[in-house]
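S.K.: pasting the structure only:
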């Protein structure tokens, strides 16, 4: 019976393996082999075994290391690990800037005065391209339509007089602004035959930003989702009476946010810096893919067996059997439009983007052709500010850190602050939430039959055309409810309420040094207070600290001392103020004006008249 041999398992490199093999031979085979000189045949075999052990040990360590996000070094492994953590790496960073559009507009006599003739207003379709003058040319993409005939608080059209003839305006100048990113549109057509589960395709290009859209040969749209099991996407429709008569009266919201359940979907992931993989779902049914209203008669459509299967996974979007991962395309051609761009070179200077390429049309077709050509030729674009933000893609360390940060958040609203940030991030085309405040529902307001563990009251306000606060429209609130529903914890309930607007005025008395002009010092004080009370600097439930105002006025050159500051409540809808009255004196403690228990915000609505001061003597 052979004796048990002592095997060492701690060796990791060539020298350790070689030394252990020599010791092992000397211990267990002293009479069989004893020539350990470097040139002996036995040493050759032992060193070869040590060499193989060293390589195996290296690759084993490397493979283990590459399985952990914090230690992985190979970019392809980092990309895969990032997707496991829910983070999509960037292979390029796009530059962003504001593009300003100008056009002339002839005047027309209406009601005894000359106004712009909006029949000649231009419409520039979305996805138009503005290019730079530098070489090589940099393209910037405008992802929203520019409609000079439309103006709102979210999308204002600035109008000024451009030319005057015989004392009357003959032409007006219209101005609009849009965000643009440094990208250009590329196209790839993919032909697909028989359906294949989890079919994948590759788009190879440099500086890929992402997929713009995808249409099949029947003009059906395929939607990109974050993961194949995601069956609900955000969709927007224009806020018109035809689309929704209940909200079309709210002109502060241009688009209504809707949730749509889809089957035609795909996911994308970067394999490396130049290859973007596209993957489709597992469903291989040939049935019609329109949305089906769930009812018992639909159960099992697309199944190759009887409808009584109790353990089958059905798609929540309908009762088509798609294994809840969408359907695979078949016997069609898919046209992908994708964006490329970004990089350091895309940070172009101001006034460099001046060439427009896109689909441009007039609002009306039955207009004078000569005037129309004059107006068309007047269209001009530029970027008044330099583009910035362009850069290279994520580095290894950025992928690592961003992935771990993304995994921690998981896009869920857990704390009240999460809901607050998500509320303020609502895209502007669905309405602008100017001010937001969130707090747990007061016990007195809770319904005794409500079984929700967490009930939060979210108070919001928006802006009017003059950037004064106003109550949010029902359309904005509905869009916000839809938006938050996809990030809300299952056991949370959110009540969206109107914040209370308390309009105030401010009066102050100051003493001025003898060598200074009283009117000039008063003007300086009023300007400083107007800046201090700018509404974008104030939040709901923020108190007014009178001491800060005293210090602010005391710092102004020429002010000897501040004698008195008084806050007044301005109330009355018939004179342009809020309808809510507030006891300022009763709410003031230790030179601090506190807000009410019901969340409110203080606003100086008309700074030019609601802030006044006077100079007093000693």
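M.R.: Sure, I can see it. Since this is a predicted model, take the numbers as computed values, not measurements.
S.K.: Run a quick neighbour tally on residue 421.
M.R.: By other CB atoms under 10 Å, the residues close to residue 421 number 12. Quick note: C-beta positions are derived from backbone N, CA and C, even for glycine.
S.K.: so it sits in a helix?
M.R.: Yes - residue state for residue 421 (DSSP: H, G, I helix; E, B strand; the rest coil) corresponds to a helix.
S.K.: wait, what's in contact with it?
M.R.: Residue 421 makes contact with no residue, according to CB atoms under 8 Å, 6 or more residues apart in numbering.
S.K.: Distance check, it against residue 157.
M.R.: 31 Å (CB to CB, to the nearest Å).
S.K.: just the helices in the stretch 501-618 of the chain please.
M.R.: 518-532, 546-554, 607-610 (DSSP state H, counting those that start in this stretch).
S.K.: so can I have JSON lines of these showing mean neighbour count, distance to residue 616 and mean pLDDT?
M.R.: Shown next, in JSON lines, are these (neighbours: other CB atoms under 10 Å; distance: least, CB to CB, whole Å; pLDDT from 0 to 100):
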{"stretch": "helix 518-532", "mean neighbour count": "16", "distance to residue 616": "10", "mean pLDDT": "94"}
{"stretch": "helix 546-554", "mean neighbour count": "15", "distance to residue 616": "13", "mean pLDDT": "94"}
{"stretch": "helix 607-610", "mean neighbour count": "14", "distance to residue 616": "20", "mean pLDDT": "94"}
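S.K.: Just give me how far stretch 467-476 sits from the chain centre.
M.R.: With CA atoms, centre = their mean, to the nearest Å as the basis, the distance from the averaged C-alpha position of stretch 467-476 to the chain average is 21 Å.
S.K.: any idea of the mean pLDDT in that stretch?
M.R.: Mean per-residue pLDDT for stretch 467-476: 87.
S.K.: ditto for stretch 86-99
M.R.: For stretch 86-99, the per-residue pLDDT averages 89.
S.K.: What residues sit buried inside it?
M.R.: Of the residues in stretch 86-99, 87-97, 99 count as buried by neighbour count, 16 or more other CB atoms under 10 Å.
S.K.: In this structure, where is pLDDT below threshold?
M.R.: 1-3, 153-154, 239-252, 284-324, 407-411, 444-453, 618 (pLDDT under 70).
S.K.: quick one: the helices in it?
M.R.: Assigned by DSSP state H, the chain shows helices spanning 14-28, 41-66, 75-84, 369-378, 396-409, 416-424, 474-485, 518-532, 546-554, 607-610.
S.K.: Please look at residue 213 and residue 219 and confirm they touch.
M.R.: No - shown here, residue 213 and residue 219 do not form a contact pair, counting by CB atoms under 8 Å, at 11.4 Å.
S.K.: higher neighbour count, those two?
M.R.: Using other CB under 10 Å as the criterion, residue 213 and residue 219 rank with residue 213 on top: 14 against 7.
S.K.: need the contact list for that one.
M.R.: 221, 336-337.
S.K.: Which strand residues bridge it?
M.R.: Beta-bridge pairing of residue 213 under DSSP bridges involves residue 337.
S.K.: Strands of the stretch 451-600 of the chain, start to end?
M.R.: 454-463, 469-470, 492-498, 500-512, 544-545, 559-569, 588-589, 592-593, 600-603 (DSSP state E, counting those that start in this stretch).
S.K.: Also the stretch 151-300 of the chain?
M.R.: Along the stretch 151-300 of the chain, counting by DSSP E, counting those that start in this stretch, strands occupy 158-165, 168-181, 183-192, 200-204, 208-215, 223-224, 232-238, 255-261, 265-270, 275-280.
S.K.: And these: which comes nearest residue 519?
M.R.: If you check each of the strands of the stretch 151-300 of the chain against residue 519 by CB to CB, strand 158-165 wins as the nearest, at 31.2 Å.
S.K.: What residues of the closest one count as buried?
M.R.: For strand 158-165, by 16+ other CB under 10 Å, it's residue 162.
S.K.: Who does it pair with, and is each partner parallel or antiparallel?
M.R.: strand 168-181 (antiparallel).
S.K.: what's in contact with the strand it pairs with?
M.R.: With CB under 8 Å, 6+ apart as the criterion, strand 168-181 contacts 94-107, 114, 116, 121, 130, 140-144, 146, 148, 155-164, 209, 339, 341, 353, 383.
S.K.: Kindly report the same for stretch 47-58.
M.R.: 11-15, 17-18, 21.
S.K.: Counting neighbours, which of these comes out on top?
M.R.: Most surrounded of the contacts of stretch 47-58: other CB under 10 Å gives residue 17, at 22 neighbours.
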